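1. coordinates for the following, if possible.
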Amino acid sequence: MGIFNFRKNGSQDNSNHSNGNHVNGYDDDDTEVNPLNGQAQADIPENVFVEREAVNNIDLLYKFLDGNYEEKGYNDALVNPDASHLEQNIEALKFELDRIIKKVKTFYEDFLREVDYHIESRARNGMIDTVDELRMKKGIAESHLKKVLELEKDVAAKAGDSKGVMISYVKGFKNGLAAISHHTILQRKF
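-> I've put the predicted structure just below:
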């Protein structure tokens, strides 16, 4: 019996538990038990108490670029097989990519300003090791920002990874159109 298990096995409320046995704060079915009242404790999701910071770094950009746009194009064609719909969706993808690039670029620019402040402040206080670590972190952020700026140029020039997204979407859309024709016309017996 645990140190906080104040009730004897025979006097516990058995309405919520099969036989009411609590060993080291857990019921027979591995349900955690409150040591103060012997009742099962509810699991509270972590997000109730822990606030997660939004991811605006280069991972957000690569997550977009790694999306399955061929499947998206295929599904969009099945919903609305109009060529104007294709063009609108390509424009929407370009705008979304541009917005993500701006968000990520702003994140790194702000981060670099913040790191510069910390480098200057810690250098004035003679914190050599901390300054070296901050400079390393700054170098990583600068290389990520450089990649973001290159991608921004690629989007403007309709080249590189961004072009791959658009090609993949168009390929999927055309495959969707072909599937519609295949199922509605080509398989028809006459």
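
2. now the strands for this structure?
-> Secondary structure of the chain by DSSP state E: the strands cover 22-23, 26-27.

3. what does the average pLDDT come to for the last one?
-> Averaged across strand 26-27, the pLDDT comes to 48.

4. isn't Asp116 up against Ala141?
-> No. Counting by Cβ atoms under 8 Å, Asp116 does not reach Ala141; the two are 10.5 Å apart. Just so you know, the C-beta spots here come from the backbone N, C-alpha and C atoms, and that holds for glycine as well.

5. look up the residues that both of those two are in contact with.
-> When Cβ atoms under 8 Å, 6 or more residues apart in numbering defines a contact, no residue borders Asp116 and Ala141 alike.

6. ok, these two, which is more surrounded?
-> Neighbours per residue, other Cβ atoms under 10 Å: of Asp116 and Ala141, the larger number sits with Ala141, 19 against 12.

7. what distance separates stretch 86-102 from the centre of its chain?
-> Centroid separation between stretch 86-102 and its chain, computed with Cα atoms, centre = their mean, to the nearest Å, is 19 Å.

8. kindly report the same for stretch 157-171.
-> Taking the mean of its C-alpha atoms, stretch 157-171 sits 22 Å from the chain's own mean (Cα atoms, centre = their mean).

9. what about Asp110, how many neighbours?
-> Counted with other Cβ under 10 Å, Asp110 comes out at 11.

10. now it: how far from Lys103?
-> From Asp110 over to Lys103 the distance is 11 Å, taken as Cβ to Cβ, to the nearest Å.

11. what of Glu133?
-> 26 Å.

12. can you tell me the closest non-neighbouring residue to Glu150?
-> Gly160 (7.7 Å; Cβ to Cβ, 6 or more residues apart in numbering).

13. correct me, but that neighbour touches Leu151?
-> Yes. Between Gly160 and Leu151 there is a contact under Cβ under 8 Å: 6.7 Å.

14. the more surrounded of the two?
-> Neighbour tally, Gly160 and Leu151, criterion other Cβ under 10 Å: the higher count belongs to Leu151, 22 against 14.

15. which residues are in contact with the residue nearest to Glu150?
-> Here Gly160 is in contact with 150-151, 154 (criterion: Cβ under 8 Å, 6+ apart).
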